[in-house]
Structures are given as structure tokens and as C-alpha cells.
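1. this is a predicted model, with the sequence first.
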Amino acid sequence: MSILIRTQNLAKDYVTGDIITSVLKGVSFEIQQGEFVSIMGSSGSGKSTLMYILGFLDMPTSGAYFFEGLDTSKHDEDRLAEFRNEKIGFIFQSYNLLQRTSVLDNVLLPSTYYVGGDLKKAEVEARKLLERVGLGHRIDHRPNQLSGGEQQRVAIVRALINNPQLILADEPTGNLDSKSGEEIMDILQDLNKEGKTIIMVTHEQYTAECAKRILHIKDGLIISDDRVGSQRLAVNGDFKK
């Protein structure tokens, strides 16, 4: 497998007046194409800041971040925005769906910003993916007509619509009951088996163990990098819900 992500002494400081808060303090690791990695840590450990940097939503204060072998510091904001839209799919704890927009249009939103994208083909793909996660009958509904688990499935399909290299999931089961959370982890595990690289931020041990590797972060430093002996399977193991 090729290396998709490499960081070297990644640091991030936030400055408020005369106060400097160091959130990341020299983080180095590699993630290969096709891995499923959990980043675990308590609130304030730096895990979300690290994910934002990996997703080009924030920039490090120092250190280096290489994506597909390219030094991301060499690119301007416009190029990083293209990377973000074309190569990365985001799944957020709060779903981040447009409440007055249909399920289908929410899924298609990234495609409207995809340079060279074909919206007609994207719509065909969106309908296929929504059927695949059991939401074909909800395609014209609005998010407020869906359960939390259904909204998170919509968010997953939206993350997939541009066929990204990397899926970043920030506490994807944090707002869900246990059954819905298991269903979401089933989907992420199946996507990983199909070759998708997934990085998931979580504070839940059980959720983290659904990945194949766990990076533990504390006080802005990686304190351990563990392989999960055998990928824990969620209860149902079926992509179609």
C-alpha cells in the first residue's frame, strides 16, 4: 500500500492576546492508503484540531503535512479547497445537513463545487448510494423528517458522492443511540473493506476498536499507536439498513 498521509512534527498554536495555547506539540505519523484509523483522546487533547488540519480546514503553525506525497504548505488556499472537495469526504457528529433542503440535494451539494463534475451522473450515483443505505424511499424528505441514524447515513452518502480518497469522521456516532451507532459503524467498516481510507475521531473505546489501528492523543502528543488485533464487527454487519 502507498502512503496517503505523512506528518512530521506537526504543531498548532492558538494566540489570544498575549496568551499562546499549544494544542498540537509535534505530531508525527503515517497512514497508508486503505487503512481505517481511529484517533482517540479526551476533550481538549487535540484530536479534532488534528483532524481539521488533515482535512485542510485549518493549517499547522509548524511542521509538515504531506498528502499523496505532496507538501501541502506549498499550495495556496484555492488549491487546498480543491483538494478538500475532490479528495476528502467529511462526516460530522452534528450531520451538518441543510434543514430546508431535500435528502437528494443535501447529498449532491459537494458535486456542485466539483470542478469538471457531471451533476447528472452525480444524481444517478446519489440515488444508488441512498438505496444502498436503505434511504431510497426518503430521497425527497427533509432532514427534520428523518431519525438521527438516517441523517447520519445521508451525511455518509454526501461524503462519498465525489468518490474521495479519504473519509474523515468526527465522532460519527456521538449523537446516536447504540443501535444506530452500530449501524453507522457497519457502514464505515464495509466502506473500508472496499478500499476507502477512513480516519475517525472518537472518545469511545468500543467505537475506536471498530477500526484497525488506534492513535491515542493526549495533551497534543501521540502517546501510543496500536493495531487492533482483529477488527471488531458491529452487530449487524450489513451495509443495507
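-> Sure, I can see it.
2. and the helices in this protein?
-> Using DSSP state H, the helices of the chain run over 47-54, 77-87, 103-108, 119-132, 148-160, 178-193, 205-208.
3. out of those, which gets nearest to residue 138?
-> helix 103-108 (5.5 Å; CB to CB). For the C-beta atoms, the positions are set from N, CA and C on the backbone; glycine is no exception.
4. before we move on, back to that, can you redo the helices of the chain as a markdown table with mean pLDDT and mean neighbour count?
-> Formatted as a markdown table, those follow (pLDDT from 0 to 100; neighbours: other CB atoms under 10 Å):
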| stretch | mean pLDDT | mean neighbour count |
| --- | --- | --- |
| helix 47-54 | 95 | 22 |
| helix 77-87 | 88 | 15 |
| helix 103-108 | 95 | 22 |
| helix 119-132 | 92 | 15 |
| helix 148-160 | 95 | 23 |
| helix 178-193 | 93 | 20 |
| helix 205-208 | 91 | 18 |
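5. residue 218: which of these is closest?
-> Residue 218 lies closest, by CB to CB, to one member of the helices of the chain: helix 47-54, at 9.5 Å.
6. which elements pack onto that closest one?
-> strand 3-16, strand 19-32, strand 36-40, strand 166-170, strand 197-202 (3 or more CB pairs under 8 Å, 6 or more residues apart in numbering; DSSP states H and E).
7. got the angle for the helix or strand of the chain with the lowest mean pLDDT vs strand 3-16?
-> Using mean pLDDT, DSSP states H and E, the weakest-scoring helix or strand in the chain turns out to be helix 77-87, at a mean of 88. Helix 77-87 runs at 130 degrees relative to strand 3-16, counting by axes from the mean of the first three to the mean of the last three CA atoms, to 10 degrees.
8. quick one, helix 77-87 and strand 166-170 angle?
-> Going by the same axes, to 10 degrees, helix 77-87 makes 90 degrees with strand 166-170.
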